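Peer 1: Sequence below, structure please.
(chains A and B)
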Amino acid sequence: MLFVKGLVKRFGGFAAVNNVSFEVARGEILGLIGPNGSGKSTIFNVLSGTYRPTAGSILFDGHEIAGLAPHQIINRGIGRTFQIPRPFRRLSVFDNVALAGYYGQGRHSRAKAQASAERALAVVGLPTDPRAEVGGLGAAGLKKLELAKALATEPKLLLADESLGGLDEHEMSRAAEMLRRIRDEMGITIIWVEHIMGVLMRVVDRVIVLDHGEKIAEGSPGAVANDPKVIEVYLGTEAQAQQELAAALHAEGAPS
Amino acid sequence: MNFAFFEVFDVYLLEAVVNGILLGGVLALMALGLNLIFGVIDVVWICYAELIMIGMYGLYYAYAVYALPMWIAAPMCIALVAVLGLLLHYIVIRPLLDAAPINQLLATGGVLFFLQSFATVAFGIDFRNLGIRLPVLAIGEMHFSYARLLAFLAAVAGMVTIYLFMTRTYIGTAIRAIAQDRQIMVLMGVDSRRLYLVTSALGGALAGLAACLLVLQYDVHPFVGLSFGPITFMIVVLGGLGNFIGGFVASFVFAEIISLGGLYSDLEWGYVLAFAFFILMMFARPQGLLTRRS
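Peer 2: A predicted model of the protein is given here:
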């Protein structure tokens, strides 16, 4: 459903993303990992229209979307969450989500926005009570609100940015479970950027590893975890990396 | 009415207090328009009072010259200034959205002088009025002009309409939201350019309504904006730029200072006191009467 080809994003002379190509199949959960500054967030910002790509093409459902404005991209069915939740604190939880639904679907229908908001809130497990305030939400609640806002725009493709940051282990595995349910039950394709690899590796179908703006590996979580190049750039010493990845892949609970 | 009640107070004092409230309503309406524009678009329309001046001429021509009935002339005047607001945004503000604030100020300041000169050339420098003299309402020994009462009620109605629009519709909710976080709104699928146009039209419409109400009480001339533009800016600054409630409160504070100050000598002294109060407050509370809730 998404074909990214030769994507380049330069800031001045610095190539944050350098000639990256990948595709995402409908119904897939694709993990996008890499150390800090590897270009994950820049790719998200280009996909969601915040940045205009320097070069390259992005085909979504057969249409070129590179360089479109953010609202146009959302209206075509690509929703995103943010690493740092940014709700409107002076609006209620429900209004936050309904507003995303009202504008995100591109059809500006009040009834539709409210229906989407109720559904999205129910999926992530937040109260649908119109009086619930944003101030009453904790870290996990704010992440859920981010997700609900993205879902209310009725996306076909969801870009989930560091959904686990700031959560405890229990909350992390529940959040990962929620992403899987969103794919399974709502049929939404997901690209998931995460810094914390363990939980991600257990949920995604496929992983792309970035380093210094370039794609260095791609494949199933198992194959990528054993790729020496990945181990080197992503985790430093080989022994430690092997250990952590093995733990991540085989642990029953969340890895440390 | 229990007139014994009035005897406890100085009747003139009470009259001044009530007149202050009536004036405050109209000031609050103007402050709301300016705050709306600043809160959403993050620019200050320095030429706001001049838009009102053009609106006053609009109503004057429609009603007094072309003899249209008021129920057609007033909505026309509001629509005219709303369109002016749209044009101002489209032609002047939009190209400067990412420019330094000083450039935006200079540009809208330029529009101020343009509109003044335009009015001078087009309408001449004569003072004009609608030729309506509304009666005076007498309660006990107090006198209130119907023009002021009407202006107050219409201003309140205008503000209530805006309040309902802002709280009951998604476009209004989006306008409140964009004032809180500009960047995220765009990423939520909102076309901010469209929202800015809606806001500019609303700000213009409020200026148009204010024009209709002011031309009932004051003569219009090309420089009439100078007599209420500065006071509106002081109110908005004192209330905290972009803070709707702060602007509302500050309007009545200023109106009472002007009205009560004018009671003890000329009305002009009321304005002098108001300006002095503003300067003092800028030292005491530079971020505004009510600090902006975060």
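
Peer 1: what pLDDT does the residue in the stretch 1-150 of chain B that chain A sits nearest to get?
Peer 2: Proximity of the stretch 1-150 of chain B to chain A (Cβ to the nearest Cβ) peaks at B:Gly39, 11.7 Å away. In short, each C-beta sits where N, CA and C put it, glycine included. We have a pLDDT of 87 for B:Gly39.

Peer 1: try A:Trp192
Peer 2: 92.

Peer 1: hey, what's it bridged with?
Peer 2: As for beta bridges, A:Trp192 partners with A:Gly31, A:Ala160 under DSSP bridges.

Peer 1: element containing the residue in the stretch 151-294 of chain B that chain A sits nearest to, please.
Peer 2: Residue of the stretch 151-294 of chain B nearest chain A, by Cβ to the nearest Cβ: B:Gly189 (3.7 Å). Assessed by DSSP states H and E, B:Gly189 sits outside every helix and strand.

Peer 1: and it, how many neighbours?
Peer 2: Per other Cβ atoms under 10 Å in any protein chain shown, the neighbour tally for B:Gly189 reads 25.

Peer 1: what does B:Val18 give?
Peer 2: 17.

Peer 1: Would you tell me what the next helix or strand after the helix or strand encompassing it is?
Peer 2: Per DSSP H and E: B:Val18 is located in helix B:11-41. Next along the chain after helix B:11-41, taking DSSP H and E as the criterion, comes helix B:48-59.

Peer 1: Quick one: list the elements packing against that next one.
Peer 2: helix B:11-41, helix B:70-87, helix B:101-123, helix B:192-217, helix B:225-238 (3 or more Cβ pairs under 8 Å, 6 or more residues apart in numbering or on different chains; DSSP states H and E).

Peer 1: roughly how far out does the last one sit from the chain middle?
Peer 2: Right, the one you point to is helix B:225-238. Relative to its chain's centre, helix B:225-238 lies at 8 Å (Cα atoms, centre = their mean, to the nearest Å).

Peer 1: rewinding a little: now the residue of the stretch 151-294 of chain B closest to chain A: how far from A:Asn75?
Peer 2: 6 Å (Cβ to Cβ, to the nearest Å).

Peer 1: Give the burial count for B:Val43, as a bare number.
Peer 2: Quick note: B:Val43 (other Cβ under 10 Å) scores 22 neighbours.

Peer 1: Tell me who's in contact with the residue lying closest to it once chain neighbours are set aside.
Peer 2: Spatially, and ignoring its direct neighbours in sequence, B:Val43 is nearest to B:Gln104 (4.7 Å; Cβ to Cβ, 6 or more residues apart in numbering or on different chains). The neighbourhood of B:Gln104, defined by Cβ atoms under 8 Å, 6 or more residues apart in numbering or on different chains, consists of B:Val43, B:Val44, B:Ile93, B:Leu96.

Peer 1: Could you report the pLDDT at B:Gln104?
Peer 2: pLDDT, B:Gln104: 91.

Peer 1: cool, B:Pro95 as well?
Peer 2: Confidence score, pLDDT, at B:Pro95: 93.

Peer 1: Equivalent analysis for A:Ser256, please.
Peer 2: A:Ser256 is given a pLDDT of 40.

Peer 1: can you pull out the helices in the stretch 1-150 of chain A?
Peer 2: With DSSP state H, counting those that start in this stretch, the ranges of helices along the stretch 1-150 of chain A come out as A:40-47, A:70-75, A:93-104, A:110-124, A:139-152.

Peer 1: right, quick check: the last one against chain B, any contact?
Peer 2: Yes: for a cut-off given as Cβ under 8 Å from any Cβ of the partner chain, helix A:139-152 has contacts with chain B, namely A:Lys149.

Peer 1: before we move on, what about the longest one?
Peer 2: Yes: using Cβ under 8 Å from any Cβ, helix A:110-124 reaches chain B at A:Arg110, A:Ala113.

Peer 1: Also the second one?
Peer 2: Yes: Helix A:70-75 reaches chain B (Cβ under 8 Å from any Cβ) through A:Pro70, A:His71, A:Ile74, A:Asn75.

Peer 1: And for the first one?
Peer 2: No: counting by Cβ under 8 Å from any Cβ, chain B is not contacted by helix A:40-47; separation bottoms out at 9.5 Å.

Peer 1: Keeping just the C-alphas, turn that helix into CSV.
Peer 2: As requested, the backbone C-alpha atoms of helix A:40-47 are provided in CSV (Å, rounded to 0.1, in the frame of the first residue of the first chain):
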residue,chain,number,x,y,z
LYS,A,40,13.4,7.4,12.0
SER,A,41,11.6,10.5,13.0
THR,A,42,12.6,12.4,9.9
ILE,A,43,11.1,9.6,7.8
PHE,A,44,7.9,10.0,9.8
ASN,A,45,7.9,13.7,9.4
VAL,A,46,8.3,13.3,5.6
LEU,A,47,5.6,10.7,5.4
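
Peer 1: I'd like to know how many residues surround A:Asn226.
Peer 2: Using other Cβ under 10 Å: A:Asn226 sits among 15 other residues.

Peer 1: repeat for the one 5 residues further on
Peer 2: Other residues lying near A:Ile231 total 21 when counted by other Cβ under 10 Å.

Peer 1: Rounded mean pLDDT for the helix or strand harbouring it, please.
Peer 2: Element membership of A:Ile231, judged by DSSP H and E, is helix A:228-235. For helix A:228-235, mean pLDDT rounds to 76.

Peer 1: Which elements pack onto that helix?
Peer 2: Against helix A:228-235 (3+ Cβ pairs under 8 Å, 6+ apart) you get strand A:206-211, strand A:214-219, helix A:238-250.

Peer 1: let's see it at 6 Å
Peer 2: strand A:214-219, helix A:238-250 (3 or more Cβ pairs under 6 Å, 6 or more residues apart in numbering or on different chains; DSSP states H and E).

Peer 1: Relative to B:Phe252, how far out is B:Gly246?
Peer 2: Distance from B:Gly246 to B:Phe252, by Cβ to Cβ: 11 Å.

Peer 1: out of those two, which sits in the busier spot?
Peer 2: B:Gly246 (25 against 17).

Peer 1: tell me the pLDDT at that one?
Peer 2: With respect to pLDDT, B:Gly246 has a value of 90.

Peer 1: Next, the nearest residue to it once chain neighbours are set aside: phi, psi?
Peer 2: Counting by Cβ to Cβ, 6+ apart, B:Gly246 lies nearest to B:Gly239, which is 3.2 Å off, once chain neighbours are set aside. For B:Gly239, the backbone dihedrals are phi -70, psi -10 (criterion: degrees, to the nearest 10).

Peer 1: Do I have it right that B:Gly239 meets B:Ala250?
Peer 2: Yes: applying Cβ atoms under 6 Å as the test, B:Gly239 and B:Ala250 come out as touching, 3.8 Å apart.

Peer 1: what residues are shared contacts of those two?
Peer 2: Counting by Cβ atoms under 6 Å, 6 or more residues apart in numbering or on different chains, the contacts common to B:Gly239 and B:Ala250 are B:Leu289.

Peer 1: where's stretch B:244-256 relative to the chain centroid, distance-wise?
Peer 2: The answer for stretch B:244-256 is 11 Å, by Cα atoms, centre = their mean.

Peer 1: ditto for stretch A:12-21
Peer 2: For stretch A:12-21, the distance to the chain centre is 20 Å (Cα atoms, centre = their mean).

Peer 1: and it, average pLDDT?
Peer 2: pLDDT averaged over stretch A:12-21 gives 89.

Peer 1: What lies in contact with it?
Peer 2: So stretch A:12-21 is contacted by A:Val4, A:Lys5, A:Gly6, A:Leu7, A:Val8, A:Lys9, A:Gly39, A:Thr42, A:Ile43, A:Gly213, A:Glu214, A:Lys215 (Cβ under 6 Å, 6+ apart).

Peer 1: buried sites along the top helix by length along chain A?
Peer 2: Secondary structure of chain A per DSSP state H: the longest helix is helix A:169-186. Buried residues in helix A:169-186, counted by 16 or more other Cβ atoms under 10 Å in any protein chain shown: A:Glu171, A:Met172, A:Ser173, A:Ala175, A:Ala176, A:Met178, A:Leu179, A:Ile182, A:Arg183.
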